[in-house]
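K.L.:
prediction below, plus the sequence it came from.
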Amino acid sequence: MSVRTRFAPSPTGYLHVGGLRTALYAYLFAKQNNGTLILRIEDTDQSRKVEGATEKLIEALQWAGIDYDEGPGKDGNHGPYIQSERLAIYRTHSDLLLKNGKAYHCFCSAERLEQLRSSGATMYDRQCRAIPYDEAQQRAAAGEPHVVRLKIPDDGELKFHDEVRGDVTFAFNTLDDQVLLKTDGFPTYHLAVVVDDHAMEVSHVIRGEEWLPSTPKHIILYQYFGWTVPKFAHLPLLLNPDKSKLSKRQGDVAVEDYRAKGYLKEALINFVAFLGWNPGDEREIFSMQDLTNEFSINRVGKAGAVFNIEKLNWMNQQHMKIKSDNDLLPLVKPLIIEKGWGSFSDEYITQVIGLMKERVVVLSDFAGMCPYFFEEPSSYDEAAKAKNWKPESSAHLLKLSETLKTQEIFNAATVEAALRSTAEECKIGAGKLIHPMRLAISGVSNGPSLFHMAEVLGKETVIRRIGTALEKIQ
RNA sequence: GGCGCGUUCGUCUAACGGUUAGGACGGAGCCCUCUCAAGGCUUAAAUACGGGUUCGAUUCCCGUACGCGCUACCA
């Protein structure tokens, strides 16, 4: 039997990082089993419709490198893959259940249900179960508003095996007669998910732990239809720092947010993969290929995991270092252009990347942390000035500048040689020249090696900036 | 409230029932060094609690506590 997994998000307008991890695990599991990953859009709640949400979801998935095999835009003979386009199918199945006495029409009004709840009831009181099938059918045909509810067996319990949690048991008398078909004719999640997973021949349902309590209802449905029950794997939740379910309000949750902030997809994927899974040894930096080789559902943990930005930052740096300067260029260039520095050549930007990549944590730092590579310093850091700019610094720098002007070849090595010999002539330590020169050409006191920075900036710029600094700094 | 799931350093986690309970992020310190990073080294820091079972429990069982999830005609 071939492995078929699915990622079935509801189109809320963005891809949640928890969803990203679910999708990733489903993808990895499918990949390593030579299986198929299906993307299915669960848009059965009309009131929650968001324009363009599906497109955004697909784009985020694509960006992350999670390719689905079947889904919107990729037919696989199991479509359509958008639930709002499958309404007739749910209706048919609901009717089948009704006919077989496994479900019933419920005409209770929203008001009655609310009253029921406020009077302390924790489940529906099954009042409409007593209505004879023919009568209910007539009332429904006459247009009386109603829903269809699932008949939960009266007593007994349901035990099932979860791939990550082991055996789980629920007593039937704690299960509600779940609504399957809403008044508007749309199915609820519970009906749609079962009908579709079966129709799409899903073999492994990999989803978040929040679905664990409703799994018994789903299994009952499989049994009522006489279908094979797929395997279930309920993943531990991703948590806020306060341990509640990861949500907006407490930080960024959308994949798009992290992308926009300048995180590499490699880092986000690696990070999220390790929230709930690890290879069992001490390696931590994994590529998508490494993950597909080594991921195993057996090693997925049971406890929720806090989404820790500090660690993500570190991982991003690690992946940044792995990437070549050339690979980083297409990611950095747009940010440079956006800043209005479009006139710099690819070669120049690539050199800047080489000098900065182990000093930045996110891509946007390339544009934010070192503006001096792209424009003249507009001011000079006061603290650095106080610390490193001595009364005699001007004279020393002037002398250095004169020496630099005579350099035929201007690179890190020659600049360093010139600076050190000048320092010697002035009978001062090299540091007494290095720090003021750094301040003069960058405006700040930190950054890459001074000599390499000078090489990238070029002779003309360096000499010009020293001149400007000499005028502006007393 | 009911049901379910979970619980190892602050965080992510490792540990066939036998380890000085390991690693990583973050913290502290040192080294390297023209600054900032990076890197290297060192260090503080955990098995929720109580009972069993066992020669021996982080590990198996029970209970308690705590946390989280679900409890919608939302997914």
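P.N.:
Cool, got the structure.
K.L.:
so A:Phe232 makes contact with A:Val168?
P.N.:
No: between A:Phe232 and A:Val168 there is no contact, the gap being 9.0 Å when judged by Cβ atoms under 8 Å. C-beta: built from backbone N, CA, C; applies to glycine.
K.L.:
what residues does the stretch 101-250 of chain A have near RNA strand B?
P.N.:
A:108-110, A:113, A:117, A:122-124, A:145, A:147, A:165-166, A:168-171, A:174, A:176, A:179, A:182-184, A:186-189, A:209-214, A:236-237, A:239, A:242-245 (Cβ under 7 Å from any atom of the strand).
K.L.:
just the residues you listed: which are in helices?
P.N.:
Judged by DSSP state H, those include A:Ala110, A:Leu113, A:Arg117, A:Tyr189 as members of helices.
K.L.:
buried ones only from those residues, please, as a ChimeraX command.
P.N.:
Per 16 or more other Cβ atoms under 10 Å, the buried members of these correspond to this ChimeraX selection:
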select /A:113,189
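K.L.:
phi, psi for A:Asn308 please.
P.N.:
Phi and psi for A:Asn308, reported as degrees, to the nearest 10, are phi -100, psi 100.
K.L.:
what ranges does the stretch 201-350 of chain A have for its helices?
P.N.:
A:215-225, A:255-261, A:265-273, A:288-294, A:309-322, A:325-338, A:346-356 (DSSP state H, counting those that start in this stretch).
K.L.:
now the helix or strand containing A:Phe366: buried residues?
P.N.:
Using DSSP states H and E, A:Phe366 sits within helix A:365-368. Within helix A:365-368, the residues that count as buried by 16+ other Cβ under 10 Å are A:Asp365, A:Phe366, A:Ala367.
K.L.:
does RNA strand B have contacts with it?
P.N.:
No: using Cβ under 7 Å from any atom of the strand, helix A:365-368 never reaches RNA strand B; the gap is at least 9.8 Å.
K.L.:
now what about that helix, what contacts it?
P.N.:
A:Gly262, A:Val332, A:Leu335, A:Ile336, A:Glu338, A:Lys339, A:Trp341, A:Val352, A:Ile353, A:Met356, A:Arg359, A:Val360 (Cβ atoms under 8 Å, 6 or more residues apart in numbering).
K.L.:
just give me the neighbour total for the nearest residue to A:Lys459 once chain neighbours are set aside.
P.N.:
Closest residue to A:Lys459 apart from its sequence neighbours, by Cβ to Cβ, 6 or more residues apart in numbering: A:Phe410 at 4.0 Å. When neighbours are defined as other Cβ atoms under 10 Å, A:Phe410 has 19 of them.
K.L.:
show me which of the contacts of helix A:365-368 neighbour RNA strand B.
P.N.:
Answer for the contacts of helix A:365-368 near RNA strand B (Cβ under 7 Å from any atom of the strand): A:Arg359.
K.L.:
what does stretch A:76-87 rub up against?
P.N.:
Defining contact as Cβ under 8 Å, 6+ apart, one finds that stretch A:76-87 is touched by A:36, A:38-44, A:54, A:69-72, A:185-187, A:192, A:195-196, A:199-201.
K.L.:
run the last query once more with 6 Å
P.N.:
By Cβ atoms under 6 Å, 6 or more residues apart in numbering, the residues outside stretch A:76-87 that reach it are A:Arg40, A:Ile41, A:Glu42, A:Asp43, A:Thr44, A:Glu70, A:Gly71, A:Pro72, A:Ala192, A:Met200.
K.L.:
briefly note if stretch A:86-98 comes near RNA strand B.
P.N.:
No: contact of stretch A:86-98 with RNA strand B (Cβ under 7 Å from any atom of the strand) is absent, the minimum separation being 10.7 Å.
K.L.:
show me how far stretch A:45-63 is from its chain's centre.
P.N.:
14 Å (Cα atoms, centre = their mean, to the nearest Å).
K.L.:
oh, that last question was meant for stretch A:196-204, not what I typed.
P.N.:
Remark: stretch A:196-204 is offset 25 Å from the chain centroid, using Cα atoms, centre = their mean.
K.L.:
ok, and for that stretch, which residues are buried?
P.N.:
Buried-residue list, stretch A:196-204, by 16+ other Cβ under 10 Å: A:Asp196, A:Asp197, A:His198, A:Met200, A:Glu201, A:Val202, A:Ser203, A:His204.
K.L.:
what's the end-to-end length of stretch A:110-125?
P.N.:
Stretch A:110-125 has an end-to-end distance of 14 Å (criterion: Cα to Cα, to the nearest Å).
K.L.:
follow-up on the earlier one: what is the nearest of the buried residues of helix A:365-368 to RNA strand B?
P.N.:
Among those, A:Asp365 lies closest to RNA strand B (Cβ to the nearest atom of the strand), at 9.8 Å.
K.L.:
out of the ones in helices among the residues of the stretch 101-250 of chain A next to RNA strand B, what pair is the most spread apart?
P.N.:
Using Cβ to Cβ, the pair of those lying farthest apart is A:Arg117 and A:Tyr189, separated by 20.0 Å.
K.L.:
which residues of the stretch 151-300 of chain A fall in strands?
P.N.:
Using DSSP state E, counting those that start in this stretch, the strands of the stretch 151-300 of chain A run over A:157-162, A:166-171, A:179-181, A:204-208, A:231-235, A:238-239.
K.L.:
mean confidence for the third one?
P.N.:
Along strand A:179-181, the predicted local confidence has a mean pLDDT of 97.
K.L.:
residues of the stretch 351-474 of chain A that sit close to RNA strand B?
P.N.:
A:358-359, A:430-431, A:434-435, A:438, A:445-452.
K.L.:
hmm, try it at 6 Å
P.N.:
Residues of the stretch 351-474 of chain A lying close to RNA strand B (Cβ under 6 Å from any atom of the strand) are A:358-359, A:431, A:434-435, A:438, A:445-451.
K.L.:
was I right about A:Pro9 contacting A:Gly19?
P.N.:
Yes: at 5.2 Å, A:Pro9 counts as touching A:Gly19 under the criterion of Cβ atoms under 6 Å.
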